[in-house]
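> My questions concern the predicted model and sequence given below.
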Amino acid sequence: MKKIAIAAVMAAGLTLAGCEANVKDEGEMPSVDVDVSGDAGEMPEVDVETADVEVGSEEVTVDVPDVDVTMPSEK
């Protein structure tokens, strides 16, 4: 169980390390009045650049040893 948790943390770390976020605008919390009127606020503006990943495949021939199995005879 520990190995799965460690693998999950490592995968999350690699995922987060693969992108860079630059915050252009910090944003603003909405101002609310007790009379149910207020300013809607503003979401922060974020520019995210993800890593470039190239995926491909290649056909490879692997030599596998020939194994002969001799079963013992039943008595």
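Looks like it arrived, so ask away.

> Is the residue nearest the centre of the chain part of a helix or strand, or is it coil?
In the chain, the C-alpha closest to the average C-alpha coordinate belongs to Thr15, at a distance of 3.6 Å (CA atoms, centre = their mean). When the structure is split into helix, strand and coil by DSSP: H, G, I helix; E, B strand; the rest coil, Thr15 lands in helix.

> what's it in contact with, if anything?
Contacts for Thr15 (CB atoms under 8 Å, 6 or more residues apart in numbering) come out as none. In this view, the C-beta of every residue, glycine as well, is placed from N, C-alpha and C.

> do the same with Asp25
Remark: with contacts taken as CB under 8 Å, 6+ apart, Asp25 is in contact with Glu42, Pro44, Glu45.

> ok, and the closest non-adjacent residue to the first one?
Excluding its sequence neighbours, the residue lying closest to Glu42 (CB to CB, 6 or more residues apart in numbering) is Glu28, at 4.5 Å.

> quick one: low-confidence parts of this structure?
Low-confidence segments of the chain, defined by pLDDT under 70: 16, 32-38, 75.

> What are the boundaries of the helices in it?
Counting by DSSP state H, the chain has these helices, from start to end: 2-17.

> Can you tell me how far the closest residue to Lys24 other than its chain neighbours is from Ala11?
For Lys24, the nearest residue in space outside its immediate sequence neighbours is Glu45; the separation is 4.5 Å by CB to CB, 6+ apart. Note on Glu45: its distance to Ala11, by CB to CB, to the nearest Å, is 29 Å.

> Run through the residues that contact the residue nearest to Lys24.
Glu45 makes contact with Val23, Lys24, Asp25, Gly27 under the criterion CB under 8 Å, 6+ apart.

> Tell me which two of these sit farthest apart.
Taking CB to CB as the measure, the contacts of Glu45 reach their widest spread between Lys24 and Gly27, a distance of 10.1 Å.

> which neighbours do the two share?
Common neighbours of Lys24 and Gly27 (CB under 8 Å, 6+ apart) are Pro44, Glu45.

> between these two, which one's more packed in?
Legend: neighbour count by other CB atoms under 10 Å for Lys24 and Gly27, higher for Gly27 (11 against 8).

> correct me, but that one touches Val46?
No. With contacts counted by CB atoms under 8 Å, Gly27 stays clear of Val46, the gap being 9.2 Å.
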